[in-house]
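1. Give me coordinates for this.
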Amino acid sequence: MDTDYKQQIIDKTIQFVRQKLEGEGSGHDWWHVYRVYKNALNIVASEEADEFIVSLGALLHDIADFKFHGGDTEVGPRVAREWLESLSIDENTIKQVEHIVRNVSFKGAKVKSPMETIEGKIVQDADRLDAIGAIGIARTFAYGGYKERVIYNPDIKPELHETFERYKNNESHSINHFYEKLLLLKDLMNTETGKKIAEERHKFMELYLQQFYDEWDGGK
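-> Below you'll find the model as predicted:
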């Protein structure tokens, strides 16, 4: 498959994903996918990996997120496969992209989400980077509003979920999400590039939380 043809496939996939997700209001919209795609291209430049598979995995990683399909973790891989088959993509590439889509998501503090390939690890890092820092904070509250969750309730403590079932059924307040997921991601990054970027975004979240608590208690 030559470079020009691969780019045509990527361009068609961009159009497909944008049409499907644009305007979604929970923080899992087209622009989230766009940022993950750009993050992934940044990371792959420092890794020995197949950029075509990384690109397709990043673009299709949230094409049908389990959070919006009754917790069904197979709907995303299925939609990704159907799209790639419609473009006559080879089976090996489809299987690799399916693996990425199936395993990319965080599923609980004590639940492993393994990636078998460097391509998958790159996309996973790229997705996790968009969950932390300034954009991650914005997305947390966008999703909390979408789910009609309160911003903060100091009487409800965070839970480090031991199973995916408990994690996906969690209905806690938005601030708890920092402790149940976002602040854990820095130490779960796979690549050196991902780790470096995550360090700065992690620090920003810690500063944000300190300011939040100061204001909550009538301080600064």
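
2. Centre of the chain to the lengthiest helix in the chain, how far?
-> Counting residues, the longest helix found in the chain (DSSP state H) is helix 192-216. Computed by CA atoms, centre = their mean, to the nearest Å, the separation of helix 192-216 from the middle of its chain amounts to 17 Å.

3. Buried residues in that helix, which are they?
-> 193-194, 197-198, 201-202, 205, 209 (16 or more other CB atoms under 10 Å). Every residue, glycine included, has its C-beta placed from N, CA and C.

4. Redo these as JSON lines? Include pLDDT.
-> Listed next are the buried residues of helix 192-216 as JSON lines, based on pLDDT from 0 to 100:
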{"residue": "Thr193", "pLDDT": "96"}
{"residue": "Gly194", "pLDDT": "97"}
{"residue": "Ile197", "pLDDT": "97"}
{"residue": "Ala198", "pLDDT": "97"}
{"residue": "Arg201", "pLDDT": "98"}
{"residue": "His202", "pLDDT": "98"}
{"residue": "Met205", "pLDDT": "98"}
{"residue": "Leu209", "pLDDT": "97"}
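
5. Tabulate these in a markdown table, adding columns for distance to Gln15.
-> A markdown table is the format used below for the buried residues of helix 192-216 (distance: CB to CB, whole Å):
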| residue | distance to Gln15 |
| --- | --- |
| Thr193 | 28 |
| Gly194 | 28 |
| Ile197 | 28 |
| Ala198 | 30 |
| Arg201 | 30 |
| His202 | 34 |
| Met205 | 34 |
| Leu209 | 39 |
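
6. Which secondary structure state does the residue nearest in space to the middle of the chain sit in?
-> For the chain, Asp127 is the residue whose C-alpha lies nearest the centre (CA atoms, centre = their mean; 3.5 Å). When classified by DSSP: H, G, I helix; E, B strand; the rest coil, Asp127 comes out as helix.

7. just checking, it touches Leu59?
-> No - using CB atoms under 8 Å, Asp127 makes no contact with Leu59, being 11.5 Å away.

8. And Asn170, how close does it get to Leu60?
-> Asn170 sits at a distance of 26 Å from Leu60 (criterion: CB to CB, to the nearest Å).

9. again with Lys107
-> Noted for Lys107: a distance of 18 Å to Leu60, by CB to CB.

10. Have a look at those two and say which one is more surrounded.
-> Using other CB atoms under 10 Å as the criterion, Lys107 and Leu60 rank with Leu60 on top: 27 against 19.
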